[in-house]
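>>> Here is a sequence together with a model predicted from it:
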Amino acid sequence: MSRRPPSRPPSNGRPKTAGPTGAKPRGAKADERRSDARSPKPAAASARAEPRQKAPDHGARRPAEPAAAPRPVEAAGRPRGAAKPAAAAPPKRPPPRPRGPRTASETIGTLLETTGWDDYALLDMGEGEKLERYGGLTIVRPEPQAMGARRLSPETWAAAGAAFTGDVDEEGPGRWRQAPGTGETWTMRYGPAEFVCRLTAFRHVGVFPEQQVHWDWAAARIRDAGRPLKLLNLFGYTGLASLTAAAAGAEVTHVDASKKAIGWARENQATSGLDALPIRWICDDAVKFCEREVRRGAGYDAIVLDPPKFGRGPDGEVWNLFDDLPHMLDLCRKILSPRPAFVILTAYSIRASFLASHELMGDVFGDLGGRLESGELVLRESGAGAGLGTGKGRALSTSMFSRWSAT
């Protein structure tokens, strides 16, 4: 999550080329959201993140490689093809025990819908793909949950400016087929944030529109708190949650293990013209960072975390959501301030029910009173369903979530 050019780019939503060939997909370290081999640095990627410690890439939503297959490395003094030894797996930690009786009111099965905004729309879906508009660019991407029929014409789909091709596995790299004259970078806007989108090798473009519901929910609580809130954004990716929270009045600490993601996020801050906002950008391993914050006695009023299901760092460190999330949430509880406002957890691409995250969040935060809510983040079609007389587009689930709030 790094920053961008001093002057604001045009916000007309049109695709913007990045040179003769366009910017290549950028990403995180070895296993995170993208591979370095395919990811050029964004304009301001040379900006230094505050801590210089190298950490595994746990950034949100990155494809990962199997832990049992370390990459061959060609370092000096090592024979060609020799694999770098993987770090020993840490001892398995017991899950955190409930701190007391659950006093939080609980809501289960909530569907939080994003219906789109001026710069985003889910236009259609079906036959294993979805058609979306990001700013001025219409794109086609694989979507395994789009099992029904398409509602828009084949000509509309064929007219998309870019289509993701290649490996349709969520964790596999691929390429984009682009219409002539279509650039690989362009800008979008949501509220106070203007941000750069890129066609990456792992199908993402730098923004997850379904997160809009969390951005708005968090911003409302920050504004209504009646006091300055300190917010920690873990696995923060390209920084949109950090920017919208800071614009609402929070003092933000943004952590991501990927230098490229930090660079992209800081670029987004500059593009938005929000350089004066109090955001601390930190390139670090989220678990190690939180463990240090516990030792320092640090405290945060709000925490947002969006961990990947799997990640591996340069020294063989392994993140596995099912093994490590309980410890991560336990650390989050330990660094909550005496007057906590909220905690938001989102999880993508895992074979689990939101009931699993709800019960874990209940064990860790349920004794604080307030409200605990869990369910799914959903994108709602705009236009296609109404065109068939249904009056409402179809819904597409993208992830599960759990969130706790004091009010």
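The structure has been received and is ready for your questions.
>>> could you pull out the strands for the stretch 301-407 of the chain?
302-305, 310-312, 318-320, 342-347, 371-380, 395-405 (DSSP state E, counting those that start in this stretch).
>>> correction: the stretch 101-250 of the chain
With DSSP E, counting those that start in this stretch as the criterion, the stretch 101-250 of the chain has strands at 105-114, 120-126, 129-134, 137-142, 162-166, 174-178, 185-190, 193-198, 230-234.
>>> pull the CA atoms of the fourth one into CSV?
Provided in CSV are the C-alpha atoms of strand 137-142 (Å, rounded to 0.1, in the frame of the first residue of the first chain):
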residue,chain,number,x,y,z
LEU,A,137,-13.6,-0.2,-18.3
THR,A,138,-15.9,-3.3,-18.7
ILE,A,139,-14.2,-6.6,-17.8
VAL,A,140,-15.0,-10.3,-17.8
ARG,A,141,-13.6,-12.6,-15.2
PRO,A,142,-14.2,-16.2,-14.1
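>>> So which bits of it are buried?
Along strand 137-142, these residues count as buried under the neighbour rule (16 or more other C-beta atoms under 10 Å): 137, 138, 139, 140, 141, 142. Where C-beta positions appear, they are placed from N, C-alpha and C, glycine not excepted.
>>> List the beta-bridge partners for the residue nearest to residue 205 when sequence neighbours are not counted.
The shortest distance from residue 205 to any non-neighbouring residue, by C-beta to C-beta, 6 or more residues apart in numbering, is to residue 197 (4.5 Å). Residue 197 has these beta-bridge partners by DSSP bridges: residue 186.
>>> what sits against residue 197?
For residue 197, the contacting residues are 134, 135, 137, 185, 186, 187, 188, 205, 206, 207, by C-beta atoms under 8 Å, 6 or more residues apart in numbering.
>>> Check the gap between it and residue 181 for me.
For residue 197, the distance to residue 181 equals 17 Å [C-beta to C-beta, to the nearest Å].
>>> Same question for residue 257.
Counting by C-beta to C-beta - residue 257 and residue 181 are separated by 36 Å.
>>> What number of residues are in the vicinity of residue 128?
12 (other C-beta atoms under 10 Å).
>>> isn't it right next to residue 143, touching?
Yes: taking C-beta atoms under 8 Å as the definition, residue 128 is a contact partner of residue 143 at 6.5 Å.
>>> Next, the contact list for residue 216, please.
By C-beta under 8 Å, 6+ apart, residue 216 lies in contact with nothing.
>>> My error: substitute residue 98 in the last question.
Neighbouring residues of residue 98 by C-beta under 8 Å, 6+ apart: 362, 363, 366, 367.
>>> I'd like the buried residues of strand 137-142 laid out as JSON lines, including pLDDT and distance to residue 398.
Below are those laid out as JSON lines (pLDDT from 0 to 100; distance: C-beta to C-beta, whole Å):
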{"residue": "137", "pLDDT": "97", "distance to residue 398": "19"}
{"residue": "138", "pLDDT": "98", "distance to residue 398": "19"}
{"residue": "139", "pLDDT": "97", "distance to residue 398": "15"}
{"residue": "140", "pLDDT": "98", "distance to residue 398": "17"}
{"residue": "141", "pLDDT": "96", "distance to residue 398": "12"}
{"residue": "142", "pLDDT": "94", "distance to residue 398": "13"}
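>>> Which one of those is nearest to residue 342?
Set against residue 342, the nearest of the buried residues of strand 137-142 by C-beta to C-beta is residue 141 (31.0 Å).
>>> give me the low-pLDDT residue ranges for this structure?
Applying pLDDT under 70 to the chain picks out residues 1-91, 167-173, 312-317, 383-391.
>>> run the last query once more with 80
Residue ranges of the chain with pLDDT under 80: 1-92, 166-174, 311-318, 349-352, 383-392.
>>> wait, residue 371 sits on residue 107?
Yes: with contacts counted by C-beta under 8 Å, residue 371 reaches residue 107, the gap being 7.2 Å.
>>> between those two, who's got more neighbours?
Here residue 371 and residue 107 are compared on neighbour count by other C-beta under 10 Å; more neighbours surround residue 371, at 15 against 12.
>>> give me every residue that touches the more buried one.
104, 105, 106, 107, 404, 405, 406, 407.
>>> need the residues you listed in TSV with distance to residue 262, can you?
Formatted as TSV, the contacts of residue 371 follow (distance: C-beta to C-beta, whole Å):
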residue	distance to residue 262
104	34
105	37
106	36
107	35
404	27
405	28
406	30
407	32
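>>> before we move on, the earlier item: what would the strands of the stretch 301-407 of the chain look like in TSV with distance to residue 122?
As requested, the strands of the stretch 301-407 of the chain are arranged in TSV below (distance: least, C-beta to C-beta, whole Å):
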stretch	distance to residue 122
strand 302-305	23
strand 310-312	27
strand 318-320	30
strand 342-347	18
strand 371-380	5
strand 395-405	6
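>>> residues near residue 97, how many?
Residues lying near residue 97 (other C-beta under 10 Å) number 8.
>>> again but with residue 126, I slipped
So residue 126, with other C-beta under 10 Å, has 18 neighbours.
>>> Same check on the one 5 residues further on?
Other residues within reach of residue 131, judged by other C-beta under 10 Å, total 26.
>>> Residue 116 versus that one, what's the distance?
Residue 131 is 13 Å from residue 116, by C-beta to C-beta.
>>> okay, and the common contacts of those two?
Joint contacts of residue 131 and residue 116 (C-beta under 8 Å, 6+ apart) are residue 122.
>>> follow-up on the earlier one: which of residue 257 and residue 181 has more neighbours?
residue 257 (34 against 8).
>>> Contact partners for residue 225?
Residue 225 makes contact with 249, 301, 341, according to C-beta under 8 Å, 6+ apart.
>>> repeat for residue 298
Taking C-beta under 8 Å, 6+ apart, one finds residue 335 in contact with residue 298.
>>> backbone phi and psi for it, please?
Torsion angles at residue 298 (phi, psi; degrees, to the nearest 10) stand at phi -70, psi 160.
>>> What separation is there between it and residue 239?
21 Å.
>>> next one: residue 364
Going from residue 364 to residue 239 by C-beta to C-beta gives 26 Å.
>>> again with residue 330
26 Å.
>>> ok, these two, which is more surrounded?
Neighbour count, other C-beta under 10 Å: between residue 330 and residue 239, residue 239 has more, with 31 against 20.
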